[in-house]
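Peer 1: Generate coordinates for the sequence data below:
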Amino acid sequence: METLLVVDDDDGVRKLISRVLEMQGFDVLAAPDGASALDLVRDYKGRLDLAVCDINMPGLSGGRLVAELATLRPDLTFVYISGYRVESPRELTLADGAGRPIPFLSKPFSPTDLVLAVRGALDRRRLTSG
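Peer 2: Below you'll find the predicted structure:
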């Protein structure tokens, strides 16, 4: 079973994303902000496969969080989400610790879009890591 981290400061969004992913068979850890996510990951001793991170959060932004998480867990892959309009997803084209591009979903997105983005990122990670 793959383990995912969901980080979003909106309780309803975080719970909905977690529920959708759990219904797809993923084990889900959730955090309301970047600092809590870092604490959770530092304390969590199990395998962590992917993090779904909101870009705009109070305190530690999603971009800074991803950079910190990539340092703590170099094999971790990511999906960005945001409710803010982004002129071009290229603005967000960052790479994770292994140089893989990070997919972006604009809120609102469908459960299907979420699952496809997560599964796609996990499958790309598997292909690039051998």
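Peer 1: Give me the buried positions along stretch 6-13.
Peer 2: Residues of stretch 6-13 classed as buried under the neighbour-count rule (16 or more other Cβ atoms under 10 Å) are Val6, Val7, Asp8, Asp9, Val13. (Glycine included, C-beta is placed from N, CA and C.)
Peer 1: Now, those residues that are in helices?
Peer 2: Judged by DSSP state H, the subset of the buried residues of stretch 6-13 located in helices is Val13.
Peer 1: Out of the buried residues of stretch 6-13, which sit inside strands?
Peer 2: Val6, Val7 (DSSP state E).
Peer 1: Pick the one among the buried residues of stretch 6-13 closest to Met57.
Peer 2: Using Cβ to Cβ, Asp9 comes nearest to Met57 of the buried residues of stretch 6-13, at 4.6 Å.
Peer 1: show me what contacts that closest one?
Peer 2: Contact partners of Asp9, counting by Cβ atoms under 8 Å, 6 or more residues apart in numbering, are Pro32, Asp33, Asp54, Met57, Pro58.
Peer 1: what residue is smack in the middle of this protein?
Peer 2: Nearest to the geometric centre of the chain sits Val52, at 1.7 Å (Cα atoms, centre = their mean).
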